[in-house]
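Student: Next come a sequence and a model predicted from it.
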Amino acid sequence: MKETEDVVEVVYVRFDKSLDYKGVVNSVPVKKFLESVFGDYPNMVSPKKFEFDRDKLGEFIQDQYDVSKEYVMDVQNVPEIINSEYYKELGESGEHLTLCEFETEILLDDHIVTINRGDKVLGVFAADLDFEHILDEYE
């Protein structure tokens with residue numbers, strides 16, 4: 001029997017359409033950061049297999065970030081190409097976007113990771129089972 005490599009399925013949802021979805025999910029530095037969070041190299045799963053209200057989810061994740069700031073475990077700048085494409089899309093410049101790993105107020109198996117512009121959450125990464133749990137919590 002062939003052994004399979006450990007892979008964690010990670011869902012990424014962007015709340016700001018100015019972020020390049022493909023650029024983020026295909027970024028090796030982002031995946032390496034997620035690997036350090038989840039313990040395994042991530043297999044990115046489309047959020048389209050889930051039914052949810054993106055705006056409500058965005059508000060919920062923003063609230064989780066706001067109440068969990070003291071539980072931020074790690075912060076890293078997003079790759080420069082993603083950062084510059086984001087601001088090019090907006091037609092402006094600004095502070096560097098970051099990846100923030102933190103422990104949420106709701107109980108999950110793993111931490112979640114957000115892409116932030118300052119304290120504004122632009123997108124979220126979560127293990128697929130945790131993502132299902134998040135969807136159950138916010139509804």
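Tutor: Okay, I see it.
Student: where do the strands sit along the chain?
Tutor: Remark: strands assigned in the chain by DSSP state E are 7-14, 41-45, 72-77, 98-102, 112-117, 120-127.
Student: could I get these as CSV with distance to L135?
Tutor: Where C-beta positions appear, they are placed from N, C-alpha and C, glycine not excepted. Output for the strands of the chain, formatted as CSV (distance: least, CB to CB, whole Å):
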stretch, distance to L135
strand 7-14, 10
strand 41-45, 14
strand 72-77, 23
strand 98-102, 19
strand 112-117, 13
strand 120-127, 10
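Student: got TSV for these, with distance to D63 and mean neighbour count too?
Tutor: What follows is those, written out as TSV (distance: least, CB to CB, whole Å; neighbours: other CB atoms under 10 Å):
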stretch	distance to D63	mean neighbour count
strand 7-14	15	19
strand 41-45	24	16
strand 72-77	15	14
strand 98-102	13	21
strand 112-117	12	23
strand 120-127	9	23
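Student: in this structure, which segments are predicted with low confidence?
Tutor: For the chain, residues meeting the criterion pLDDT under 70 lie at 1-5, 139.
Student: what packs against the longest helix along it?
Tutor: In the chain, with assignment by DSSP state H, the single longest helix is helix 54-67. Using 3 or more CB pairs under 8 Å, 6 or more residues apart in numbering; DSSP states H and E as the contact definition, the elements that helix 54-67 packs against are strand 112-117, strand 120-127, helix 128-138.
Student: Each with direction, which strands does the first one pair with?
Tutor: It refers to strand 112-117. strand 98-102 (antiparallel), strand 120-127 (antiparallel) (DSSP bridges).
Student: Could you save these as JSON lines and add columns showing distance to Y86?
Tutor: Formatted as JSON lines, the strands paired with strand 112-117 follow (distance: least, CB to CB, whole Å):
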{"stretch": "strand 98-102", "distance to Y86": "12"}
{"stretch": "strand 120-127", "distance to Y86": "8"}
